[in-house]
Each structure stands twice: as C-alpha cells, then as structure tokens.
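Asks: Build the 3D model from these lines:
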Amino acid sequence: MDALNILIVDDREENIIALEALLKRNDIQILSTTSPNDALRIAWENNISIALIDVQMPGIDGFELAEMLKTNPRTKDILIIFVTAISKESKYAVKGFGAGAVDYLYKPLDPFITSAKVDAFIQLARTQREIKEKNEDLQNYAIVVKNSADIITTVDAQTLRIQSINPAVEKILGYKPDEVVDSSIVDLAIDGDRTAFRKKLSEIANNNLKFAVAEYQFETFDKRTIWVECRFTYRNKTLFINISDISPQKSFQAQLIKSKEAAEYAKKVKESFLANMSHELRTPVNGIIGLTNILRKTDLDSQQANVVDLLEVSSQSLLGVINDVLDISKIEAGKFSIVRAPNNIHKTVKAVYDLLKYKADEKNIELIMDIAPDVPVHILFDSLRLNQILMNLLSNAIKFTDRGFVRLQLSVMQKLNNTVKLKFSVADSGIGIPADRLSMIFDSFEQAEDDTSAKYGGTGLGLAIVKKLIELKGGELTVSSQLGNGSTFNFTNWYTLVDAPQQEKRNADRLVSKLEPFGDIKVLVAEDNLVNQFMLSKILKDWDVAFDVVDNGRKAIEKLQNHNYDLILMDTHMPEMNGYQAAKCIRLDFEEPKRSVPIISLSAASFDHEQQQALSAGMNDVLAKPFQPYELHEKIQRLLNIEQA
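Replies: Numbers count the residues shown, from 1 in each chain. Okay, the predicted model is just below:
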C-alpha cells in the first residue's frame, strides 16, 4: 500500500516535533515546514492528502494558506485540519470551515483525540484516492468504448434488450445508438441466425460464462448482410458484448478457399497430364527398347549392329529427357524421396566414370578421376540419386568442354565419430558461365545463354534436378566459373559409415544370362499398344508361355469369363475400360479361382500414387515401363511360385 503524504505547517518547530511524534506510523509520510510560502511549494510538488495547519502564523495565517490551497486545482482536494490555540467560538469555526477546513484540533493536543481524528481522515483520504482512481479508469474506459472501432454494448440477460451501445453501431450497422437502445439484440441478426444467436445468449447467461466467442451474420440499416464476431462476458445479470465486423476477413478467407480449391484442381490436372504424358512417352520407348533387345538376338551384320546401337542410344537419351521432366515435377510436388542404403561409394563413382569415358574420348577430352585414399569404401547413401547427380554434372562438363580436361574428385573434408563429410568436385576447362547468369543456371528450363540449347542441346533441367536432389539429401551445392576458363561444381554432404553390404547378384549378369522357359502356363496380355503387344508376344514365346492378347479391359474381362489363365499382364491406360477398372471387376465380380488370378500392372506410370492406385485396385505387383525382360521373368516366377535353377 502506498504511503499517504501528510503536511504539517506550524511557525514553531517544537509543535511540529510534537505532532510528528503523535502521528508517526508506517503507512504515512510526514512533510513539515515553518513557512506558509514553503508549504505552498511542498503541496505543489508532492501529492499531499492531509494538511495540519496552525492558524496563528506571522505573515500568512492558516486561513489564508487554506484559501490559497483550495483555489489551486492541483491542491484543492487536500483535507485541511486546523491546529489552533484560539477560542472555540463558533465564529472561528465557521471562518475555518469557510476557508476549506474539514476539522479542528485544539491545543493543547489530546494525544488520543488527535490520533483518532487523523486516523479517520487517513481512511477518508484513502477512500477518496481510490474513488478518484476508479473515476479516472471509468473515464478512460468510457473514452475507449466511445471511440472503439467495434460495437460495445450491454444487454439485459433476461429480456435480451440493449441497455447501452457505443457510436460504432452507426459506422458498422448504420443505426444511431438511440435507435437500437431498448430493442432486442437478437433483432440485429439475419433471420437464419436469430435462433442460434438467442440460444447462445441464453447458454452464456444460464452457465454464467466469463467468456465466449461466436460468429453470426447481421443485417445493416440498408439491408446489407455482414459477418460479425461476438465476444461475450456475463456478470450481474448483464451481457457485455463486443461485436467486430469480420466481413473483410471472411471475404479473404473465401478467396483463400477458392484459391486453394483452384490450386488443388490445377495440381490434379497437372498430375493427370504428367501421368498421361508418362504413359504416352514411356510406352513407345518401352517398345523401342524391347525391339532393340529382340533385334540383338538375331543375326546382324556390322552395319545393322551399329544401327541397333544407335537406336538404343537414342531411346535411352529420350528416356533420360522423360525422366528429367518427371523427376523435376515430382520434386516440386514434394513426392520425391531419398532411399539410403549401404553402398560402395568407390564403385558408384567408378561406374559413372566408365560410362562417360567414351563420350570424353569421342571429343578428345581427358576425363580424370581422383578419389582420395582416405575416402571410406562403404557408406550409407542413395546410389541411384548420387549416380544421377554425378551423371548430370559430368555430362554437362563434357558437353561444354571442347578441349582440355574434365576432372571428378572425391575427398574427405571432416570426420566425426561414425560419420564423414565428403566433397564431390567436378571441374572442367570448358566455355565457362557468365557471372550474371550463375544464379540462374539452377532454375528449371534455364541455361547460361539463350542459344545454349540450340548449340549444345538439352532441356535445361539437369542442374535444376541436381540442386534439388542435393538439397533433399541435406547437402550443399556451390559453383565457381570464369567465362572462357571453365567451371567447378562442388557439393558436400555428411554420410554415415557402414560395414560392407552383402554382395547381390548384379543386374548386368541377369541381362546377359539366359532366362529359363516356364512351360505349361497360360497368360492373358491386356495391352493397347501394338509395338508392346509384339514385344511381349516375342518375350513370352521365348519362355514357352501360352498367351492371348487383347487391347482393352473390357475384352480382358470377356476372355477371362471364357478361359482360364495363370496370370494376367495388365496395362493401366487402355480405351473403353482401363486396367484399374478391369482389375476391380475381376476382384469383385468373378468367382474363385478366377477372382484371385495374379495380375501384374505393366504401366508406364512413374508416380507413386499411380502405383498405389494399381495395388488398391487389386493388382498384385507393378512393373513400370520401360522394363528389362529379367524383371518381368522374376515377378512371374515369384507370383506363380515357380522353382527354377
């Protein structure tokens, strides 16, 4: 509790000392002076609550000092008690009260009376101070309420009639305050919201809720409908309601919802387009690659063999472009994942080097590989994506270098416990990149110069994919270049050390090994592409498999109704009835054992959600086009539980 200030004014010092001794206590602070002029200064500078003033003083007497204090706005509320030795006659008392005093203390002072009177006036002063402070608070609140941008109203909780309302009601709803006072607050809501509004008000009053929030639609004076947010408080049978106009937020929210729906629709359209593009492009590429493999098994002269080689290189190049477009779309859609596994980093880097060595030799460029001796052999990484990063960086370096060298370096930057930070560096002596284009080369479909595509080819997606892959892996990519003097791309990342993984049979061995015939099984092929029909027919004939071929899902259903099959190879994108619909029909409408016939989806779909859709439709496995024959052979063998040497 703050101490009250008490001023003692007496021309005799001994009187002041006596009074101070009588009044001394912890909750008051005593200020004293023998000079009336000094008393005026003290009262002006300090918040004095009570003044004990001697009446008879030389110069300015007590009556005159009291009048001066009462005429000053800063000191007019001081409680003045006269201390006097003059007569107790009424005329002196009247004069004192007329000067502004509230009481008298007569000398000689009775300690008990003096203490009791001062104590009573201290309590009175405290009460006056509290009332003053509350009045100031009320005035401040009144100003806030009056000038608030929100409607602030008090409502009788029983009748729901408005008791008071601030001027904001005119700005928000168009009504003057006196037009709505004593009317029902419920009438401000639109017809459709009145029942809910009344129910909410009753709920707040019945449950004595201290706070509640709800949104309703109100009707304005000019018959417009606006959204409002009501914040309720209940106390002493009165509802206090703060009403905010939230129409702009609601409008913005509606726009956001529309934008979200439009974005989701655009996303679905894009995914559908990419899925169709994947199918339409991968399907013929699958046919080309399959026919190339078939041609290789025939007797070819050297010229024909060269043509087949060129055909394979062209088809693989086209497949690379398709994969680039689909990869960048997957990354941007957040549907791209990194799959880490124990792998041999030396072999991965060497494989990329060996694959691109012939390209460098064709251009008479020296391709250098430098793996530091302290680089660990086995670490945890996604070999497919690291291969993709290095292939892109090295292919770019070779493409843009006409003479000199391309160097691939792998070194250790830091070791910590069972982790290691590796640095991959691809440097070349090629054409370089202008300084003002360095920041753009990692953007999709961007290249260093406008005519780069015309001169060197490419989609402009390679470096964009590299950057996004490195970021997905948690690494960092940097580039430095000087026009005409080559470029250097560096990327670093932390890797976990692992033990050597078990050796798996290499795909290359499976590619060249003879695939054993199955014999005594019958397969239904549902495929609408003629080239793929021919390729699958040739593969199945080589495996001594009996088969039927149809070009849509409806015909596949008809065939299965009339014949028995051990397995169905089902394309997903077909006319009339697609593969998903056909698979669902088989699983739901057929009786056993046909209902459970194994189905492999031979789809050009490359998106995870499409592969999941195939499995959800009832297919047993998915094989994405283009595929190698051994992959199909393994899946058939597994699904039919066929033991082979």
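
Asks: Going by C-alpha atoms from here, please, whenever you check contacts or count neighbours.
Replies: Noted.

Asks: Please enumerate the helices of the stretch 301-450 of the chain.
Replies: For the stretch 301-450 of the chain, helices defined by DSSP state H, counting those that start in this stretch occupy the ranges 302-332, 345-362, 383-399.

Asks: Compare these and say which comes out lowest on pLDDT.
Replies: Sorting the helices of the stretch 301-450 of the chain by mean pLDDT places helix 302-332 lowest, at a mean of 68.

Asks: bridging residues for Ala101?
Replies: Per DSSP bridges, the residues bridged to Ala101 are Ile80.

Asks: Leu410 versus that one, what's the distance?
Replies: 98 Å (C-alpha to C-alpha, to the nearest Å).

Asks: what ranges do the strands span in the stretch 1-150 of the chain?
Replies: Residue ranges of the strands in the stretch 1-150 of the chain, as given by DSSP state E, counting those that start in this stretch, are 4-9, 28-33, 48-54, 79-84, 101-106.

Asks: Wait, Asn5 touches Leu31, no?
Replies: Yes: at 7.1 Å, Asn5 counts as touching Leu31 under the criterion of C-alpha atoms under 8 Å.

Asks: Which pLDDT value goes with the closest residue in space to Tyr106 that isn't next to it in sequence?
Replies: Leaving out its chain neighbours, the residue that sits closest to Tyr106 by C-alpha to C-alpha, 6 or more residues apart in numbering is Thr84, at 5.2 Å. Here the pLDDT value assigned to Thr84 is 83.

Asks: ok, Thr84 touching Asp103?
Replies: No: taking contacts as C-alpha under 8 Å, Thr84 lies outside contact range of Asp103: 11.0 Å.

Asks: who touches Ser184 in this structure?
Replies: The contact partners of Ser184, by C-alpha atoms under 8 Å, 6 or more residues apart in numbering, come to Thr159, Leu160, Arg161, Ile162.

Asks: redo that, cut-off 7 Å
Replies: Ser184 sits next to Leu160, Arg161, Ile162 when contact means C-alpha atoms under 7 Å, 6 or more residues apart in numbering.

Asks: Relative to Leu188, how far out is the second one?
Replies: Think Arg161. Arg161 sits at a distance of 11 Å from Leu188 (criterion: C-alpha to C-alpha).

Asks: Need the three-state assignment for Leu623.
Replies: Recorded secondary structure, Leu623: strand (DSSP: H, G, I helix; E, B strand; the rest coil).

Asks: Report the beta-bridge partners for it.
Replies: Beta-bridge partners for Leu623, by DSSP bridges, are Leu602.

Asks: Over to Leu7?
Replies: Residues in a beta bridge with Leu7, per DSSP bridges, are Leu31, Ala51.

Asks: hang on, it packs against Leu31?
Replies: Yes: using C-alpha atoms under 7 Å, Leu7 is in contact with Leu31, at 4.8 Å.

Asks: Point out where the stretch 201-350 of the chain drops to low pLDDT.
Replies: For the stretch 201-350 of the chain, the stretches flagged by pLDDT under 70 are 271-272, 274-280, 282, 310, 313-314, 316-337.

Asks: Please read the previous query as pertaining to the stretch 401-550 of the chain.
Replies: For the stretch 401-550 of the chain, applying pLDDT under 70 flags the ranges 439, 442-462, 501-514.

Asks: how's this protein carved up into domains?
Replies: Domain ranges of the chain: 4-144, 148-245, 341-496, 507-639, per automatic domain parsing.

Asks: Just send the ones you listed back as CSV, with distance to Pro284 too.
Replies: Compiled in CSV, the domains of the chain are given as follows (distance: least, C-alpha to C-alpha, whole Å):
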stretch, distance to Pro284
domain 4-144, 75
domain 148-245, 57
domain 341-496, 20
domain 507-639, 7
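
Asks: can you tell which of those domains is closest to Leu311?
Replies: Nearest to Leu311 among those is domain 507-639; the distance by C-alpha to C-alpha comes to 14.9 Å.

Asks: close enough to count as contact, Asp245 and Arg231?
Replies: No: judged on C-alpha under 7 Å, Asp245 makes no contact with Arg231 at a distance of 11.8 Å.

Asks: ok, these two, which is more surrounded?
Replies: Higher neighbour count among Asp245 and Arg231: Asp245, with 20 against 16, using other C-alpha atoms under 10 Å.

Asks: for that one, which residues make a bridge with it?
Replies: Val228.

Asks: got a list of what it touches?
Replies: Contact analysis of Asp245 by C-alpha under 7 Å, 6+ apart lists Ile172, Trp227, Val228, Glu229.

Asks: count of neighbours near the first one?
Replies: So the one you mean is Ile172. Using other C-alpha under 10 Å, the number of residues around Ile172 comes to 19.

Asks: List the residues that contact it.
Replies: By C-alpha under 7 Å, 6+ apart, the residues touching Ile172 are Asp245.

Asks: For it, give me the pLDDT.
Replies: 92.

Asks: returning to what we had before: of all the strands of the stretch 1-150 of the chain, which lies closest to Leu530?
Replies: Comparing these by C-alpha to C-alpha, strand 4-9 comes nearest, at 103.6 Å.

Asks: Against Val498, how distant is Ile345?
Replies: Look at Ile345 and Val498: by C-alpha to C-alpha, they are 11 Å apart.

Asks: which one of these two has more residues nearby?
Replies: Set Ile345 next to Val498 and count neighbours by other C-alpha under 10 Å: Ile345 wins out with 20 against 17.

Asks: For Gly96, see how far away the residue lying closest to that one once chain neighbours are set aside is.
Replies: Leaving aside its sequence neighbours, Ile345 sits nearest to Val377 (C-alpha to C-alpha, 6+ apart; 5.7 Å). Val377 sits 106 Å away from Gly96, taking C-alpha to C-alpha as the criterion.

Asks: Between those two, point out the one with more neighbours.
Replies: Counted by other C-alpha under 10 Å, Val377 and Gly96 do not tie: Gly96 has more neighbours, with 23 against 15.

Asks: tell me the contacts of Gly404?
Replies: With contact taken as C-alpha under 7 Å, 6+ apart, Gly404 is in contact with Ile365, Glu366, Ser429.

Asks: and which of those residues is nearest to Leu40?
Replies: Nearest member of these to Leu40, counting by C-alpha to C-alpha, is Ser429, at 92.9 Å.

Asks: so what's the closest residue to that closest one other than its chain neighbours up against?
Replies: Leaving aside its sequence neighbours, Ser429 sits nearest to Gly486 (C-alpha to C-alpha, 6+ apart; 4.1 Å). With contact taken as C-alpha under 7 Å, 6+ apart, Gly486 is in contact with Asp428, Ser429, Gly430, Ile431, Gly432.

Asks: how many neighbours does the first one have?
Replies: Yep, that's Asp428 we're talking about. By the criterion of other C-alpha under 10 Å, Asp428 has 29 neighbours.

Asks: Can you give me the neighbour number for the closest residue to it other than its chain neighbours?
Replies: Leaving aside its chain neighbours, Asp428 sits nearest to Val406 (4.3 Å; criterion: C-alpha to C-alpha, 6+ apart). Burial of Val406 is recorded as 24 neighbouring residues (other C-alpha under 10 Å).

Asks: And Leu355, by the same measure?
Replies: Leu355 is flanked by 11 other residues according to other C-alpha under 10 Å.

Asks: how near is it to Leu632?
Replies: For Leu355, the distance to Leu632 equals 26 Å [C-alpha to C-alpha].

Asks: Show me which helix runs longest in the chain.
Replies: For the chain, the helix reaching the highest residue count under DSSP state H is reported as helix 247-296.

Asks: sorry, back to before: and which of the contacts of Gly404 is nearest to Ser183?
Replies: Within the contacts of Gly404, proximity to Ser183 (C-alpha to C-alpha) peaks at Ser429, which comes in at 86.4 Å.
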